[in-house]
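Asks: Structure for this input, please:
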Amino acid sequence: MVVAKKFVIANHFDGEPKPSDLTLVEEELPPIKDGEYLVKAEYLSVDPYMRVYSLNIPVGSVMIGGQVATIIESKNPKFLVGQKILGRLGWRSHTIIDPKDGDKTTFMNQPPELLPEIGNLPFSLHLGVLGMPGHTSYFGFLEICNPKAGETLVVSGAAGAVGSHVGQIGKIKGLKVIGIAGSDQKCNWLVEELGFNHAINYKTENITDALKKAAPQGVDCYFDNVGGELSTIVMYQMNDFGRIAVCGSISSYNSSDLNDIEKLPKVALVQRIFINKQLKMEGLHVSRWFNRFDESTNQNLKWIREGKLKYRETFTQGFENMFKAFVGMMHGENVGKAIVKV
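Replies: Take a look at the predicted model:
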């Protein structure tokens, strides 16, 4: 008998997520049937999108999210005990998977998949630089910003899983890269370890002045993870025909009602600068490139092995600490990818 633990949505988040919004419950799993296999979570991801997308699923559902899990029992010859899988299984410690019943274990059109060996690299990377954040960074930046060597790129949320990755791709492609982050420690990491040209601490510096100093010739590409007034400031310093990839707006995620325009944060007008500079802004959802994920994984893995792409993971120990890790990530306590290790 296997007793699984899972976090169930008790209330949809309203403003700052509260511990009472999720309930940790236990569930006795039945014996697996022919064709099924049982996995135990090893690494679980916490990401900003969970704050928003969890509002779209019913109360009583398991909290959404991806995990790397190990097969501990199998009655399916294609899935062997000891193999690792990547699955959008939610915040669960154990899950029974029937490959023929994809609807129950599929999120964003991505069914559970066996993970290949990646040498001496940790499997947790499949939740970060080799997983959804890596796909988002690779396609969102290259496909939407269409960067050119010699241009200037600004990345907000630059010390997170996506932002730190995008900035490094920018350097690989020959751009001048400026990151915006929330602490001196993060800014130093971006410049000293990842090779960003400049980093701005938005909590202690005047963003307008600091950006003018770092990018006196203006900004060509902006990868936006934050939204809000910070992004308006960047847009007002963009060059003609600048390109903006909108990945997230974490500055507004804890607003009391994300569907009520009257309750969302207000920012300065941007239409005038869009007209004057003929800017282009496009939102992105990583599922757009689902059929090309192998391309992203292979290229990012190649860059890691060549020493061109570095990563950092912030681990929280223990499945029971999922909510703590999630809230910490939303507050920017992580550097790089935030992961819970069971």
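Asks: From here on, just use CA atoms for contacts and neighbour counts.
Replies: OK.
Asks: Give me the three-state assignment for the closest residue to residue 286 other than its chain neighbours.
Replies: Closest residue to residue 286 apart from its sequence neighbours, by Cα to Cα, 6 or more residues apart in numbering: residue 136 at 5.3 Å. Judged by DSSP: H, G, I helix; E, B strand; the rest coil, the three-state class of residue 136 is helix.
Asks: got a pLDDT number for residue 136?
Replies: At residue 136, the model reports a pLDDT of 98.
Asks: wait, what's in contact with it?
Replies: 162, 247, 285-286 (Cα atoms under 8 Å, 6 or more residues apart in numbering).
Asks: Now a ChimeraX select for only the buried ones of the residues you listed.
Replies: This is how ChimeraX selects the buried members of the contacts of residue 136, with burial counted by 16 or more other Cα atoms under 10 Å:
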select :162,247,286
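Asks: taking the contacts of residue 136 one by one, which sit in helices?
Replies: residue 162 (DSSP state H).
Asks: want to throw the contacts of residue 136 into JSON lines with distance to residue 184 and pLDDT?
Replies: Output for these, formatted as JSON lines (distance: Cα to Cα, whole Å; pLDDT from 0 to 100):
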{"residue": "162", "distance to residue 184": "19", "pLDDT": "98"}
{"residue": "247", "distance to residue 184": "24", "pLDDT": "97"}
{"residue": "285", "distance to residue 184": "30", "pLDDT": "94"}
{"residue": "286", "distance to residue 184": "30", "pLDDT": "94"}
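Asks: Below-threshold pLDDT in the stretch 151-300 of the chain: ranges please.
Replies: 255-260, 262-264 (pLDDT under 70).
Asks: how about the helices in this structure?
Replies: 49-53, 132-139, 161-172, 184-192, 207-214, 228-235, 271-277, 293-305, 322-330.
Asks: wait, which of those is closest to residue 242?
Replies: Counting by Cα to Cα, residue 242 lies closest to helix 271-277 out of the helices of the chain; the figure is 7.4 Å.
Asks: Write down the beta-bridge partners of the residue lying closest to residue 316 once chain neighbours are set aside, one by one.
Replies: Counting by Cα to Cα, 6+ apart, residue 340 is the residue found nearest to residue 316 once chain neighbours are left out, at 4.7 Å. The partner list for residue 340 in beta bridges (DSSP bridges) reads residue 44, residue 316.
Asks: Against residue 268, how distant is residue 340?
Replies: To residue 268, residue 340 is 38 Å away according to Cα to Cα, to the nearest Å.
Asks: how is the protein carved up into domains?
Replies: By the assignment in automatic domain parsing, the chain contains the domains 2-128+312-341, 132-288.
Asks: Now do the contacts for residue 96.
Replies: Contact partners of residue 96, counting by Cα under 8 Å, 6+ apart, are 29, 32, 36-39.
Asks: Let's see the PyMOL selection covering just the buried ones among the residues you listed.
Replies: This is the PyMOL syntax for the buried subset of these, where burial follows 16+ other Cα under 10 Å:
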select buried, resi 36+37+38+39
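Asks: Can you tell me which of the contacts of residue 96 comes closest to residue 204?
Replies: For these, the nearest to residue 204 is residue 39 (45.5 Å; Cα to Cα).
Asks: show me the contacts for the closest one.
Replies: By Cα under 8 Å, 6+ apart, residue 39 lies in contact with 69-73, 94-97.
Asks: Among those residues, which one has the most neighbours?
Replies: residue 69 (29 neighbours; other Cα atoms under 10 Å).
Asks: Look up how far residue 46 lies from that residue.
Replies: From residue 69 to residue 46 the distance is 15 Å (Cα to Cα).
Asks: List the single closest residue to the residue nearest to the spatial centre of the chain in space, sequence neighbours excluded.
Replies: For the chain, the residue sitting closest to the mean C-alpha position, by Cα atoms, centre = their mean, is residue 133 at 4.4 Å. Once flanking residues are discounted, residue 133 sits nearest to residue 162: 5.3 Å by Cα to Cα, 6+ apart.
Asks: hang on, isn't that neighbour packed against residue 134?
Replies: Yes - using Cα atoms under 8 Å, residue 162 makes contact with residue 134 at a distance of 6.8 Å.
Asks: ok, the residue nearest to residue 323 when sequence neighbours are not counted to residue 218 distance?
Replies: Counting by Cα to Cα, 6+ apart, the nearest residue to residue 323 once its immediate chain neighbours are dropped is residue 19, at 7.0 Å. Per Cα to Cα, residue 19 is found 43 Å from residue 218.
Asks: So what's the residue count around residue 185?
Replies: Using other Cα under 10 Å: residue 185 sits among 12 other residues.
Asks: roughly how far apart are it and residue 308?
Replies: Distance from residue 185 to residue 308, by Cα to Cα: 21 Å.
Asks: Likewise for residue 330?
Replies: For residue 330, the distance to residue 308 - Cα to Cα - is 28 Å.
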